[in-house]
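# A structural model of the following input is requested.
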Amino acid sequence: MSPPVSSGAPVQERRLGVLLSHLRPCAPPAARRGNHHHHHHHHDLRVREAEGTGGLAASPCAADGSGETSGGQRCVFCEIVKGNKPAYKLYEDDVCLCILDTKPLSTGHSLIIPKRHFPSLQATPPSVIAAICCKLPLLSSAIVKATQCDAFNVLVNNGKVAGQVIFHTHVHLIPRRKGDNLWSSETYERNSIKHNQETKDLVSGIKELLFPPQDDSAEGSTIPKEL
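Predicted coordinates for the structure are as follows:
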């Protein structure tokens with residue numbers, strides 16, 4: 001993907017909004033009346049902790065799956081799952097929980113999180129990922145109708161460089177409206193893929209990692225033919 005055409009302040013602010021989308025919530029905005037099509041920075045549906053008990057802070061969770069750092073800090077998502085931290089819960093089953101984001105990028109911005117602590121997508125069992133993904137049609141349909149939006153994004157920030165700030169696997173479900181200009185990526189110039197040796201080497205390298213020699217774990221899978 002090519003770099004953005006421009007790097008103005010609005011683009012930087014939107015990028016920062018993505019990176020900080022679930023840090024401490026802002027002070028509760030004044031109640032508003034009006035249509036649902038105001039700019040996303042002014043949406044009236046701001047997520048606040050119940051009872052006004054303070055902000056939800058990002059926790060640098062340990063990678064051992066315990067949900068606790070060496071300093072004894074607790075993972076905020078694990079605390080929500082245990083009922084020790086308040087949250088606006090939309091859905092819950094034995095495997096996952098869906099809550100409203102504490103600092104939404106749009107009205108209805110929600111997070112789907114596994115109840116067990118996994119610090120990254122790679123560390124999350126496929127069965128848990130499947131359980132989360134199979135709820136997306138149900139949850140997105142309800143959220144789209146409730147917010148009267150036009151569409152939605154499904155997003156995973158996996159790793160610090162990708163914007164992950166709470167190291168407990170979670171999936172963003174972000175309602176969208178025409179003209180909301182939410183993503184800075186929508187201003188990118190996208191170039192066509194190059195049909196050169198570099199691209200062929202990339203494809204070969206990925207395939208070798210997916211289907212290593214004498215690996216029976218991918219039994220029944222086939223290596224796609226070259227274009």
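
# please make it C-alpha for all contacts and neighbour counts, starting now.
Will do.

# what ranges do the helices span in this protein?
Counting by DSSP state H, the chain has helices at residues 9-19, 76-82, 126-133, 136-147, 197-210.

# what packs against the third one?
Which is helix 126-133. strand 110-114 (3 or more C-alpha pairs under 8 Å, 6 or more residues apart in numbering; DSSP states H and E).

# can you list the strands that the strand it packs on pairs with?
Strand 110-114 sits in its sheet next to strand 96-100 (antiparallel), strand 171-176 (antiparallel), going by DSSP bridges.

# how about TSV for those strands, with mean pLDDT added?
Shown next, in TSV, are these (pLDDT from 0 to 100):
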stretch	mean pLDDT
strand 96-100	97
strand 171-176	97
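
# dump those strands into TSV; add distance to Phe211 as well.
Putting these into TSV (distance: least, C-alpha to C-alpha, whole Å) gives the following:
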stretch	distance to Phe211
strand 96-100	31
strand 171-176	27
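
# comparing the helices of the chain by mean pLDDT, which bottoms out?
Note on the helices of the chain: lowest mean pLDDT is at helix 9-19, with a mean of 47.

# how is this structure divided into domains?
The chain breaks down into these domains under automatic domain parsing: 9-187, 194-227.

# mean pLDDT lowest where, among these?
Comparing mean pLDDT across the domains of the chain, the lowest value falls on domain 9-187: a mean of 75.

# returning to that earlier point: okay if I get the strands paired with strand 110-114 as JSON lines plus mean neighbour count and distance to Asn153?
Rendered in JSON lines, the data for the strands paired with strand 110-114 read as follows (neighbours: other C-alpha atoms under 10 Å; distance: least, C-alpha to C-alpha, whole Å):
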{"stretch": "strand 96-100", "mean neighbour count": "21", "distance to Asn153": "15"}
{"stretch": "strand 171-176", "mean neighbour count": "23", "distance to Asn153": "5"}
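
# ok so, going back, and Leu90, which of the helices of the chain is closest to it?
Closest approach to Leu90 among these is made by helix 136-147 (8.5 Å; C-alpha to C-alpha).

# isn't Pro86 up against Cys78?
No. Under the criterion of C-alpha atoms under 8 Å, Pro86 makes no contact with Cys78, lying 11.4 Å away.

# please say which of those two ends up with more neighbours.
Using other C-alpha atoms under 10 Å, the more surrounded residue of Pro86 and Cys78 is Cys78, with 23 against 19.

# and the more buried one, how close does it get to Val144?
Computed with C-alpha to C-alpha, to the nearest Å, the distance linking Cys78 and Val144 is 27 Å.

# try Asp180
Counting by C-alpha to C-alpha, the gap between Asp180 and Val144 amounts to 15 Å.

# what of Val203?
Applying C-alpha to C-alpha to Val203 and Val144 gives a distance of 37 Å.

# more crowded one of those two?
Remark: of Val203 and Val144, Val144 carries more neighbours, 18 against 12, as counted by other C-alpha under 10 Å.

# give me every residue that touches that one.
Residues in contact with Val144 (C-alpha atoms under 8 Å, 6 or more residues apart in numbering) are 150-152, 175.

# what do you get if the cut-off is 7 Å, keeping everything else the same?
With C-alpha atoms under 7 Å, 6 or more residues apart in numbering as the criterion, the residues that contact Val144 are 151, 175.

# equivalent analysis for His195, please.
So, once contact is read as C-alpha under 7 Å, 6+ apart, His195 ends up touching nothing.
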